[in-house]
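Engineer: pasting the sequence and the predicted model now:
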Amino acid sequence: MSRMKQDLPRAELVRARRTQQTHQRLTQTQKTVYRPETVFLPVTPRLVKQTRTPKGKTARPTTKKPRRQHYDIAFSMGRTDVRTPGIAIPQFGTRIFSTLLCAALIFSLYTIWTSSTFKVNGAEISGNQRLGEDEINAALQFIGQPIFMAIPTQITANILADYPDLSSAEVHIVLPNRIIVSVAERIPLIAWYQDGTMAWIDAQGVAFPPRGKSGNLISVVANGNPPPVQLDPQQAAGQTHPFLDPAMVQVIITLNSFIPGGAPMIYDMTYGLGWQDTRGWQVYFGQNTDDIPMKLKIYQAIVDTLTNKGIRPTLISVEYLNAPFYRETQ
């Protein structure tokens, strides 16, 4: 063997030594990649396949530096458990969302309901002449209450029920706490005296208590109630029931122009409307004003006849043109 080496050229001998040294270095590198005592490998490392020189062939010398060998190694952090901090993200379901929404709505409603911003301090009233603002506010029944409790139709009904001297009322709600009320008062035409009390009556026959001042009214002294007024149920809905028939109101207005000397008009449940003549008797024209001029002529003729005969009557009735009569003093 040593003899063969001596026969080889010196250059080839140098190449062979270098090749052998390179192979030894590679072998040592593969053996010291990792230490099983310190690293836990769940899998066997995969080594990169190396090219080996076939037997009988001499490796060509190279001047390049040997390449680094790469290994794919999977390993854990030893046997130590490593935990990273986590943030729990809540999962909102439909029930939780509904609950939160209901709670928010309840809180909002409670805040609005108890807030002073939405409380009614008083109504803004227009159109009233005799009726005071304090009286109308008393009928509202919402002073100091939340505006959300105010119902315009209910407020209108309350005002008209408490004050029949109002012919109409309109109520408007304006947030946050305004109530605007526009009213129209009835115009009295008749002062009706009965049972020691007086009531005013307008053109629709509605009676209401006197309030404030009014103009010259037609005074009527009654000894009983007038005939009840019959109304259509559809027309009577939501309206104040009249005390006098509107037609009878027109009778009083018409008959008043024929009363001499401004004598007060009287109403009797049996004989109807008339007046107290200044000469000491009562004259009645009935419940209607049909043929007033003819009734006046008949009345004047009866008075002239009785005066000529020296008869002093206590009552003269011309309600029926074909059957007038009189009563004389007993």
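Structural biologist: Now that the structure is in, tell me what you want to look at. Numbers count the residues shown, from 1 in each chain.

Engineer: doesn't residue 270 lie inside a helix?
Structural biologist: No: judged by DSSP: H, G, I helix; E, B strand; the rest coil, residue 270 forms no part of a helix; its state is coil.

Engineer: where's it relative to residue 134, distance?
Structural biologist: 44 Å (Cβ to Cβ, to the nearest Å). Heads up, the C-betas are built off the backbone N, CA and C, glycines and all.

Engineer: what does the helix or strand in which residue 221 is found contact?
Structural biologist: Element membership of residue 221, judged by DSSP states H and E, is strand 218-222. Outside strand 218-222, the residues within contact range by Cβ atoms under 8 Å, 6 or more residues apart in numbering are 189-194, 252-253, 256, 264-268, 273.

Engineer: so what pLDDT did residue 233 get?
Structural biologist: On the pLDDT scale, residue 233 is placed at 66.

Engineer: mind starting the numbering at 425 from now?
Structural biologist: All right, first residue 425 from here; so that's residue 657.

Engineer: residue ranges with poor pLDDT in the stretch 475-624 of the chain?
Structural biologist: 475-516 (pLDDT under 70).

Engineer: would you mind measuring from residue 725 to residue 695?
Structural biologist: Residue 725 is 19 Å from residue 695, by Cβ to Cβ.

Engineer: higher neighbour count, the two?
Structural biologist: residue 695 (18 against 12; other Cβ atoms under 10 Å).

Engineer: what's the neighbour count on the closest residue in space to that one that isn't next to it in sequence?
Structural biologist: Leaving aside its chain neighbours, residue 695 sits nearest to residue 708 (3.7 Å; criterion: Cβ to Cβ, 6 or more residues apart in numbering). If you count neighbours by other Cβ under 10 Å, residue 708 ends up with 20.

Engineer: list the contacts for residue 708?
Structural biologist: Residue 708 touches 692, 695-698, 739-743, counting by Cβ under 8 Å, 6+ apart.

Engineer: which residues in the stretch 625-754 of the chain form strands?
Structural biologist: Assigned by DSSP state E, counting those that start in this stretch, the strands in the stretch 625-754 of the chain fall at 631-632, 642-646, 689-692, 696-700, 706-710, 737-741, 749-752.

Engineer: of the ones you listed, give the one that comes closest to residue 552.
Structural biologist: Smallest distance to residue 552 across those (Cβ to Cβ): 13.9 Å, for strand 631-632.

Engineer: partners of the closest one in the sheet?
Structural biologist: When sheet partners are counted by DSSP bridges, strand 631-632 sits next to strand 621-625 (antiparallel).

Engineer: show me where this protein has helices.
Structural biologist: 426-431, 434-455, 518-538, 557-564, 576-586, 657-660, 670-680, 716-732 (DSSP state H).

Engineer: let's have the ones you listed in CSV, adding distance to residue 702.
Structural biologist: Shown next, in CSV, are those (distance: least, Cβ to Cβ, whole Å):
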stretch, distance to residue 702
helix 426-431, 179
helix 434-455, 152
helix 518-538, 69
helix 557-564, 41
helix 576-586, 42
helix 657-660, 41
helix 670-680, 16
helix 716-732, 12
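
Engineer: so for residue 601, which of those sits nearest?
Structural biologist: helix 518-538 (11.5 Å).

Engineer: how about residues contacting that closest one?
Structural biologist: So helix 518-538 is in contact with 542, 570, 572, going by Cβ under 8 Å, 6+ apart.

Engineer: returning to that earlier point: can you tell me which of the contacts of strand 642-646 has the most neighbours?
Structural biologist: residue 697 (25 neighbours).
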